[in-house]
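# Task: produce atomic coordinates for the following.
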Amino acid sequence: MGTAWWQLVAALASLVLALGAGGHALLYKRDVRAAIGWVGLILLVPVGGSLLYLAFGVNRIRRRALEQPRERLRAASAGRHRARLEELPEPYGALARLGERVNPLPLLAGNQVLPLRDGDEAYPAMLAAIDGAERTIGLATYIFDRDPLGLRFLEALARAVKRGVEVRVLADSVGLRYSWPAMDRELRRAGVPVARFLPSRLPWKLPYANLRNHRKILTADGIVAFAGGLNLRHGHLLSESPASPVQDLHFRFEGPVVAELQGLFVRDWQFTTREALGGPSWFPPLPERGPVTARVIADGPDEDFERLRWMLLGALAVATRSVRLVTPYFLPDQALITALGVAALRGVEIEILLPARNNLRLVQWAMQAQLWQVLERGCRVWLTPPPFDHTKLLLVDDGWALVGSANWDPRSLRLNFEVGIECYEPELGRRLAAIVAAKRAGAREVTLAEMDSRPLPLRLRDGVARLLTPYL
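Model (predicted):
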């Protein structure tokens, strides 16, 4: 009788757990396939499936709107910096109107945007900005390795602290695990204020972990900012022949848009530490510095959910001549695949540049399993040779660019915190188109016939990896 009683209690507890977890998935999972997958796992794996859902399937990020410094709001809403949407030529006007509706941050005129290729161009400019800062430095990064490059940044940040600069460093908890010992310990020893975003209790790195802060932002005195795809690791310094070289693209910003990048960093810092940063040292008045009209797009699994995905769909819808896409991880959902195909069928030239050898094997296999869907509609795909290209860039009609930290995969577009900056300016578009052309010149084009002729075992392997796409 005693054994039977405990079996009954265990069965009831398992049933209650399954009903609770399954009910939550039915109510809150937006994607039908994700809901079906989680409910199936919960039902087929008693207790274990429910626990997995509670650990990895529930979004616990519920960030209420944090009070922002009045200086930031005043800088961002200044009428003389707001771009006049009606003055943008079509199709960019339509895209700007979409951005106005899906994103609360304004489109700001008068910015200077400078592309920086790889760490060889970006890191010296970033270190110079740190060394030249007189009041404040804000740094957010996903990976901050303890390697020769990371130590250079540590020394520059420590020098800034010693000369009285307010320094704040926000690093993702999982990203800090890519090297050992973790860099935040070294920063604290050097007197640099540092915080971990959403600390993880697991003692190892998890490249497929959810809810990570994938943003890369550096601000100096609130007047210059850097953002893009570069983490802080020696592999990006190609001129120094690192063991694992990685190409990338980063950007330097001046002008009113810097206040919005600063505001995003301040918001993440306040969420993590509860410390509110404000005042003119963090948000000084910003004059117009260049011809680029730009808007910051914050994206994440909170109130900023899927803003970048909406902008991608909008950009593909309004393209009239060309779409140039460079991304390291290409796992678009069916809506984005359809949008690419529709644009190609309309006569838009679609160019997709991907690494020939990915740094994540599962992702490469899953990517290969999906390529036929864009190739059969007329999109053209090139594979760029090593070193691995970590660049994130979308260019429409060579006049509108989306840059930042986001990849074309479910993790970036649904599960992680990302930053994008949309830029309207023909000359910047021409410079970025030249960068894409240089990458394409050394790449190999992939055909539908080539993908279809691969051996059956490889295609089956890739198909199995594709089933994991929602979790990659």
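
# Give me the residue ranges of the stretch 151-300 of the chain where confidence is low.
Low-confidence segments of the stretch 151-300 of the chain, defined by pLDDT under 70: 200-210.

# what's around the residue nearest to Ala366 when sequence neighbours are not counted, how many residues?
With sequence-adjacent residues excluded and distances taken as C-beta to C-beta, 6 or more residues apart in numbering, Ala366 is closest to Ala465, at 4.2 Å. In this view, the C-beta of every residue, glycine as well, is placed from N, C-alpha and C. When neighbours are counted by other C-beta atoms under 10 Å, Ala465 registers 20.

# what helix or strand does Ala465 sit in?
Counting by DSSP states H and E, the element that carries Ala465 is helix 456-466.

# contacting residues around that helix?
The contact list for helix 456-466 (C-beta atoms under 8 Å, 6 or more residues apart in numbering) reads Leu362, Trp365, Ala366, Gln368, Ala369, Gln370.

# Give me the distance between Arg215 and Leu402.
15 Å (C-beta to C-beta, to the nearest Å).

# do the same with Asp248
According to C-beta to C-beta, Asp248 and Leu402 sit 16 Å apart.

# If you count neighbours, what's buried in the helix holding Ala465?
Residues of helix 456-466 classed as buried: Arg459, Asp462, Ala465, Arg466 (neighbour count, 16 or more other C-beta atoms under 10 Å).

# Please work out which residues outside stretch 392-401 touch it.
Stretch 392-401 has contacts (C-beta under 8 Å, 6+ apart) with 91-92, 95, 228-229, 249, 312, 315-316, 318-328, 402-407, 422-426, 428-430, 432-433, 435-436.

# Helices of the stretch 301-450 of the chain, residue ranges please.
307-318, 334-345, 361-375, 410, 426-441, 448-452 (DSSP state H, counting those that start in this stretch).

# tell me which residues of stretch 156-163 are tucked away?
Neighbour counts over stretch 156-163 (16+ other C-beta under 10 Å) mark Ala156, Leu157, Ala158, Ala160, Val161 as buried.

# Correction: the previous question concerned stretch 259-279.
If you call a residue buried by 16+ other C-beta under 10 Å, then stretch 259-279 has these buried ones: 259-273, 277.

# for stretch 427-435, same thing?
Quick answer for stretch 427-435 (16+ other C-beta under 10 Å): Leu428, Gly429, Leu432, Ala433, Ile435.

# what number of residues lie near Gly23?
Neighbour count for Gly23, taken as other C-beta under 10 Å: 12.

# Secondary structure element holding it?
helix 2-28.

# pLDDT of that helix, averaged?
For helix 2-28, mean pLDDT rounds to 70.

# and the buried residues of stretch 156-163 as TSV, adding distance to Pro124 and secondary structure?
Shown next, in TSV, are these (distance: C-beta to C-beta, whole Å; DSSP: H, G, I helix; E, B strand; the rest coil):
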residue	distance to Pro124	secondary structure
Ala156	11	helix
Leu157	16	helix
Ala158	18	helix
Ala160	16	helix
Val161	21	helix
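
# And the contacts of stretch 392-401, which of them are buried?
Burial by neighbour count, judged by 16+ other C-beta under 10 Å, picks out 91-92, 95, 228-229, 249, 312, 315-316, 318-319, 322-328, 402-407, 422-425, 428-429, 432-433, 435-436 from the contacts of stretch 392-401.

# among those residues, which are in strands?
Of the buried ones among the contacts of stretch 392-401, the ones assigned to strands by DSSP state E are 228, 249, 322-326, 402-404, 422-424.

# What about the contacts of helix 456-466, which one has the most neighbours?
Neighbour-wise, those (other C-beta under 10 Å) top out at Ala366, 24 neighbours.
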